[in-house]
Structures are given as C-alpha cells and as structure tokens.
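> Sequence first, then the predicted structure, then my questions.
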Amino acid sequence: MSSTEDTLVRPATVEDAVAVADLHLAARRAAVPAMPASVHDDDDVRAWMAGRLREGDEVWVAEGDATGLAGYLRLTPDWLDDLYVAPGLTGRGIGSALLDLAKSLRPSGFALWVFETNTGARRFYGRHGLVELEHTDGSSNEERAPDLRMAWPGVDPVGYFRRQIDQVDDDLAVVLARRAALTAAVQSVKEVPGHAGRDADREAEIVRRMAQHAPGLGEPGLRRIMHEVISVSLDAAVED
C-alpha cells in the first residue's frame, strides 16, 4: 500500500470489481475516438473484471478522499494489461504513480499494447521510458484497430531485450523449418526442381508481399533475407 499526495494506492479485492469495471467503462468511453469503442457491453465488462480478480490477476486501485476511485492498474507476470484513470482526473499524477508502481512490482520489465491512434497514451508511456517495439494492423485484437506493443525493459535493459530476441528466434526457427519442409515438398511436383527451377518473378512477388507486413525492413533487405532462406531450404531439400 502506498500513497501520493491525497491519493491512496492499494491492492484491489473482489469487492472492488464493479467499481473498477465502471471506471474502465467510463475511461474507455471518454477516450473515443483516440481509442476505438469497446466491443463488449457493460455487463460483460463487469463480469470479466470480477473474473480477473477472482482468477489472480494483480490489480491495484488509486483512490482519494475527495475523488473516490481515481484509477486502476492490472498486471500479469509479463504484461501491463490495463492502466486507466477516471475521466476528469487525468494530469494529476495518478497514472504516473500507478506506472511507477508497476515498475517496482516488475523490475525485470513488462510490455503492453496501445492503440496506434492513442497518441496521448503513447506520449505518456514514452516519457516514462517505454519504447515502441512492434506495430500491427489490428487483425489480432477485438476492435480490429492498428495497435503497437510497447515495453519497459526494466533494471537490466540488455537482458530484457535479449530475452525478447531469444523468444523471437525460437519462433523464427520453427517458421523456417516449416518453410523448408514446404520447399522440399514442392520440388517433387515442379517441372524443374532444385536451384535450377527458381522463379525470379515468384520470389519478387514474395518480397513485395512480405514488405507490406514488415515495411521497416524494406524490399532490398527482405530480398537478401529471402534469397538466403530459399537457397538454404533448397540445399536442405537436395541433401534429403
């Protein structure tokens, strides 16, 4: 339990579920259009929040004598899933106090998602040392709105980012193995298999398509990467 000026920050209990859910709903409504409208109705949100509290998510609330519930923070082991301040109470340091609490509770670092259009939140997190790591087209979130992953790398930033890189490398190894297996399979049905059957037009189309998903790498960079991926996959297919 901690306090900042007139605001007390304490762990939430199941009894706080309705009040926290109502703050969440009010903050989301006030944030439109910077944030897209919620796709869930009020009762669903209240039931969801009660479930989160019962099932062990770490939730902290900020409250004041004059304001009542002023904000809340919800954490899982590696993520800051929610940080909301009541409408009309922003700019008073409540969000900063909750974010500082998250840092103290997760010294090894954490990540969060923020909508691309929520420029105020992005500036807020940027001022507090979070960095933007990944932009998406929103196809994986409920609102189908472009978003981005931000992270606070903790007290050992190099260690945090290396752990993130290791996770991506593990995923990449699995994807590369899948692609190599498909490359090997298609050789048996191609008119000209192996390196001699490489199709420059097809490879250029692959690069253009991939560049739409990874514009930061650019077509020249992706062209070099995919040339090696295809070459190594074909080598492996020939060896088999």
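Structure received.

> residue ranges of the helices in this structure, please?
With DSSP state H, the ranges of helices along the chain come out as 17-31, 42-54, 94-105, 119-127, 157-187, 200-213, 218-239.

> Make JSON lines from those and add mean neighbour count and mean pLDDT to it.
Using the backbone N, CA and C atoms, a C-beta is placed for each residue, glycine as well. Shown next, in JSON lines, are the helices of the chain (neighbours: other C-beta atoms under 10 Å; pLDDT from 0 to 100):
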{"stretch": "helix 17-31", "mean neighbour count": "18", "mean pLDDT": "97"}
{"stretch": "helix 42-54", "mean neighbour count": "16", "mean pLDDT": "96"}
{"stretch": "helix 94-105", "mean neighbour count": "18", "mean pLDDT": "97"}
{"stretch": "helix 119-127", "mean neighbour count": "15", "mean pLDDT": "97"}
{"stretch": "helix 157-187", "mean neighbour count": "12", "mean pLDDT": "97"}
{"stretch": "helix 200-213", "mean neighbour count": "12", "mean pLDDT": "95"}
{"stretch": "helix 218-239", "mean neighbour count": "14", "mean pLDDT": "94"}
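
> Identify the spatial nearest neighbour of Ala31, chain neighbours not counted.
Once flanking residues are discounted, Ala31 sits nearest to Asn118: 7.0 Å by C-beta to C-beta, 6 or more residues apart in numbering.

> on that earlier part again, let me have the helices of the chain in TSV, adding distance to Asp147 as columns.
Output for the helices of the chain, formatted as TSV (distance: least, C-beta to C-beta, whole Å):
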stretch	distance to Asp147
helix 17-31	14
helix 42-54	19
helix 94-105	18
helix 119-127	10
helix 157-187	17
helix 200-213	15
helix 218-239	22
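
> what's the closest of these to Asp137?
Of all those, helix 200-213 sits nearest to Asp137, with 8.2 Å by C-beta to C-beta.

> Show which residues not belonging to the closest one make contact with it.
217-219, 222-223, 226-227, 230 (C-beta atoms under 8 Å, 6 or more residues apart in numbering).

> Check stretch 6-16 too.
By C-beta under 8 Å, 6+ apart, stretch 6-16 touches 1-3, 20, 50, 53-54, 58-67, 69-70, 72, 92-94, 97-98, 101.

> how about a cut-off of 6 Å?
Residues outside stretch 6-16 that contact it (C-beta atoms under 6 Å, 6 or more residues apart in numbering) are 1-2, 53-54, 59-64, 70.

> again with stretch 136-143
36, 39, 144-147.

> What's the end-to-end length of that stretch?
End-to-end distance of stretch 136-143: 12 Å, with C-alpha to C-alpha, to the nearest Å as the criterion.

> same check, this time on stretch 102-122
17 Å.

> mind checking how far it is from the chain centre?
9 Å (C-alpha atoms, centre = their mean, to the nearest Å).

> what's the answer for stretch 177-193, then?
34 Å.

> Convert the C-alpha atoms of it to PDB, please.
Taking C-alpha atoms only, stretch 177-193 is exported to PDB below (Å, rounded to 0.1, in the frame of the first residue of the first chain):
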ATOM      1  CA  ALA A 177      11.700 -25.300 -40.500                       C
ATOM      2  CA  ARG A 178       8.100 -25.200 -41.800                       C
ATOM      3  CA  ARG A 179       9.100 -23.200 -44.800                       C
ATOM      4  CA  ALA A 180      12.000 -25.600 -45.600                       C
ATOM      5  CA  ALA A 181       9.700 -28.600 -45.400                       C
ATOM      6  CA  LEU A 182       7.200 -26.900 -47.800                       C
ATOM      7  CA  THR A 183      10.100 -26.000 -50.100                       C
ATOM      8  CA  ALA A 184      11.200 -29.700 -50.100                       C
ATOM      9  CA  ALA A 185       7.600 -30.900 -50.800                       C
ATOM     10  CA  VAL A 186       7.000 -28.700 -53.800                       C
ATOM     11  CA  GLN A 187      10.200 -29.900 -55.600                       C
ATOM     12  CA  SER A 188       8.500 -33.200 -56.400                       C
ATOM     13  CA  VAL A 189       5.800 -31.500 -58.400                       C
ATOM     14  CA  LYS A 190       7.800 -28.800 -60.100                       C
ATOM     15  CA  GLU A 191       8.700 -29.200 -63.700                       C
ATOM     16  CA  VAL A 192      12.300 -28.100 -62.900                       C
ATOM     17  CA  PRO A 193      13.200 -28.800 -59.300                       C
END
